[in-house]
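*Asks:* with the input below, show me the fold.
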Amino acid sequence: MRCRRALSLLAVAALTGAVAAQSKNSATTPAQRPEKGPAARHEQFLKRAAMGNVDVLFLGDSITQGWETSGKDVWARYFEKQNSANFGIGGDRTQHVLWRITDGKELEGISPKAAVLMIGTNNAGTNSAEEIAAGVEAIVKELRRQKPNMKILLLAVFPRSGKSPKDVADTKRIPAGDLNKKLPDVNQRIAKLDDGKSVKYLDIGSKFLDPEGGLSREVMPDYLHLSKKGYEIWADAIKGPLGELLK
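*Replies:* Sure thing, here's the model as predicted:
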């Protein structure tokens with residue numbers, strides 16, 4: 001009898017463990033990317049951090065990394081003089097940024113006055129809005145834990161297509177109805193992270209849209225990544241709020 005009861009308890013424990021493993025949120029679980037590109041870029045960030053003198057830290061994925069390409073001239077005009085550093089890696093999800101600032105130790109050696117965080121779009125295909133928001137929250141909490149004096153400008157995830165560019169009929173724009181429908185839910189959730197003190201939430205997504213709420217290739221050529229005009233919009237939209245945080 002005791003043996004049967006023990007076996008039953010073991011079975012329940014095994015089932016509970018299996019369910020817990022399945023329900024584990026990948027967006028909040030730090031994960032290192034093994035690919036050569038991201039790994040090499042991470043090493044660059046460590047070297048940059050070792051040099052110190054970073055007042056503004058941009059943290060995110062390929063859209064943030066794009067300040068070095070399409071947004072290069074805009075960056076030079078708006079942020080270079082503010083001792084800004086770009087820690088964006090193409091393809092990153094919330095779990096990758098979380099690893100970079102924990103086990104990856106990218107924040108060691110720097111004490112930024114402010115961080116500009118925009119992350120989550122790459123999670124849209126695999127995680128729910130609730131899971132993505134939890135991933136963003138985990139990053140914000142970790143930034144606050146490590147750098148309690150640093151202010152955070154938390155940006156809403158930018159609008160993007162809900163389709164592949166090749167599936168979009170119009171060659172110049174995508175209508176509002178075809179935008180990714182999960183991201184507004186994510187943004188509504190992460191907006192609550194604004195504490196009126198150290199974390200400021202800012203949604204500039206509407207500035208990228210046309211009067212009908214659609215998205216133009218002139219702003220996002222592939223309905224995801226920004227053109228130079230897109231980076232102009234981004235820079236102009238955050239210069240005021242960022243300036244306030246830096247005071």
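
*Asks:* state the distance from Lys181 to Phe208.
*Replies:* Separation of Lys181 from Phe208 (C-beta to C-beta, to the nearest Å) stands at 16 Å. (Glycine included, C-beta is placed from N, CA and C.)

*Asks:* repeat that for Ile63.
*Replies:* 11 Å.

*Asks:* neighbour count for those two, which is higher?
*Replies:* Each of Ile63 and Phe208 has its neighbours counted (other C-beta atoms under 10 Å); Ile63 has more, 27 against 19.

*Asks:* the more buried one should be in a helix, yeah?
*Replies:* Yes: applying DSSP: H, G, I helix; E, B strand; the rest coil, one finds Ile63 inside a helix.

*Asks:* what's around Ala115, how many residues?
*Replies:* 25.

*Asks:* next, give phi and psi for the nearest residue to it once chain neighbours are set aside.
*Replies:* Distances taken as C-beta to C-beta, 6 or more residues apart in numbering put Leu57 closest to Ala115, at 4.5 Å, once the chain neighbours are dropped. Main-chain torsions, Leu57, degrees, to the nearest 10: phi -110, psi 120.

*Asks:* what is the neighbour count of Leu57?
*Replies:* Leu57 has 28 nearby residues by other C-beta under 10 Å.

*Asks:* over to the one 4 residues further on?
*Replies:* Using other C-beta under 10 Å as the criterion, Asp61 is surrounded by 24 other residues.

*Asks:* excluding its backbone neighbours, what's nearest it?
*Replies:* Closest residue in space to Asp61, ignoring its immediate chain neighbours: Asp92 at 4.2 Å, by C-beta to C-beta, 6+ apart.

*Asks:* cool, Leu245 as well?
*Replies:* Using C-beta to C-beta, 6+ apart, the nearest residue to Leu245 is Lys151, at 4.0 Å.

*Asks:* per-residue confidence for the residue nearest to Ala115?
*Replies:* At Leu57, the model reports a pLDDT of 98.

*Asks:* that one and Met220: what is the separation?
*Replies:* Leu57 is 24 Å from Met220, by C-beta to C-beta.

*Asks:* also Ile238?
*Replies:* Ile238 is 17 Å from Met220, where distance means C-beta to C-beta.

*Asks:* who has more neighbours, those two?
*Replies:* Met220 (24 against 19).

*Asks:* in this structure the more buried one contacts Lys172, no?
*Replies:* No: Met220 lies out of contact with Lys172 (C-beta atoms under 8 Å); the separation is 11.6 Å.

*Asks:* C-alpha coordinates for stretch 111-120, CSV please?
*Replies:* Provided in CSV are the C-alpha atoms of stretch 111-120 (Å, rounded to 0.1, in the frame of the first residue of the first chain):
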residue,chain,number,x,y,z
SER,A,111,27.2,53.8,-15.0
PRO,A,112,24.9,55.3,-17.6
LYS,A,113,22.6,58.2,-16.5
ALA,A,114,19.9,56.8,-18.8
ALA,A,115,19.0,53.7,-20.8
VAL,A,116,16.8,53.6,-23.9
LEU,A,117,15.1,50.2,-24.0
MET,A,118,13.0,48.8,-26.9
ILE,A,119,12.8,45.1,-27.2
GLY,A,120,10.2,42.4,-27.8
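
*Asks:* contact partners for the residue nearest to Ala115?
*Replies:* Ser84, Ala85, Phe87, Ile110, Pro112, Ala114, Ala115, Val116, Met150 (C-beta atoms under 8 Å, 6 or more residues apart in numbering).
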